[in-house]
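**Student:** Any chance you could fold what I've pasted below:
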Amino acid sequence: MLVLSSPSGAGKTTLSKRLLEADSNIVLSVSTTTRAKRPNEKEGVDYHFVTAEQFGASVAAGEFLEHATVFDHQYGTPKKPVMEALARGKDVLFDIDWQGTQQLKEKVREDIVSIFVLPPSHAELERRLRSRAQDPEDIVAKRMAKAAGEISHWPEYDYVIVNDDIDPAHAKVVSILNAERLKRVRQVGLSEFVRDLIAGS
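**Tutor:** All right, here's what the predicted structure looks like:
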């Protein structure tokens, strides 16, 4: 499970999309949310959009790996598709915040690699939020006000990347993913291979 977190506007969604396009062995965990769908978003691709009542029912049924409230809206990671993807031998990418990351670590710490993405500056973060023109002014102001609190959680992550340029930042994420896949504990079938190697078969 590969977690990408950042304050809004730092680039985690762009990095996630690039990673998914370049690597067929990783799939995105599509979160469920109670917030309204943006014009460019698709149901089941970007998010599963539900009512607050539906979200509450899923929480009560234990259907989420993690869930949190962010900017007055609820977000959660459905457990079933994640477990199914892992069982197929796929890595799963999570585009979630620090609250969700903490919950995931409590449940499945040994199988998580977490990356925090930082903007190069406060001014650049604000510029990116305004340039994407997806949110009204009051929401941009809220996101900027909350950014410092989100950034303060950076020490809780395994890796930290400063996204001053998307190409080098993407290359760093790929390097982290490749290195983590090569860890002995994650190489499926390695024990059997080495046993046969020693036996001379």
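
**Student:** All the strands of this structure, residue numbers only.
**Tutor:** Read by DSSP state E, the chain holds these strands, from start to end of the chain: 2-5, 26-28, 32-33, 48-49, 64-70, 73-78, 91-95, 113-118, 159-162.

**Student:** Just the residues contacting the first one, thanks.
**Tutor:** Contacts of strand 2-5 with the rest of the structure, by C-beta atoms under 8 Å, 6 or more residues apart in numbering, involve 12, 15-16, 26, 91-98, 101, 104, 112-117, 150, 153, 157, 173, 177, 180. C-beta here means a position set from N, CA and C on the backbone, and glycine is covered the same way.

**Student:** With the fifth one instead?
**Tutor:** With C-beta under 8 Å, 6+ apart as the contact definition, strand 64-70 has outside contacts at 32, 55, 58-59, 74-79, 82, 96-97, 99-101, 103-104, 107-108.

**Student:** and if you look at stretch 168-179?
**Tutor:** Applying C-beta under 8 Å, 6+ apart, the contact partners of stretch 168-179 are 2, 4, 11, 15, 18-19, 22-23, 26, 91, 113, 115, 117, 159, 161-163.

**Student:** how about a cut-off of 6 Å?
**Tutor:** Among residues not part of stretch 168-179, those counted as contacts by C-beta atoms under 6 Å, 6 or more residues apart in numbering are 15, 18, 19, 159, 161, 163.

**Student:** Please identify which pair of those residues lies farthest apart.
**Tutor:** Of all pairs drawn from the contacts of stretch 168-179, the greatest distance, 16.4 Å, lies between 18 and 159 (C-beta to C-beta).

**Student:** quick revisit: looking at the contacts of strand 64-70, which are in helices?
**Tutor:** Secondary structure from DSSP state H places 55, 58, 59, 79, 82, 99, 100, 101, 103, 104, 107, 108 of those in helices.

**Student:** pLDDT score for the first one?
**Tutor:** This points to residue 55. Reported pLDDT at residue 55 in the predicted model: 96.

**Student:** Next: residue 133.
**Tutor:** What the model reports as pLDDT for residue 133 is 62.

**Student:** Same check on residue 127?
**Tutor:** In this model, residue 127 carries a pLDDT of 84.

**Student:** Residue 130 now?
**Tutor:** At residue 130, the predicted lDDT confidence score is 78.

**Student:** How many neighbouring residues does it have?
**Tutor:** Other residues within reach of residue 130 by the criterion other C-beta atoms under 10 Å amount to 13.
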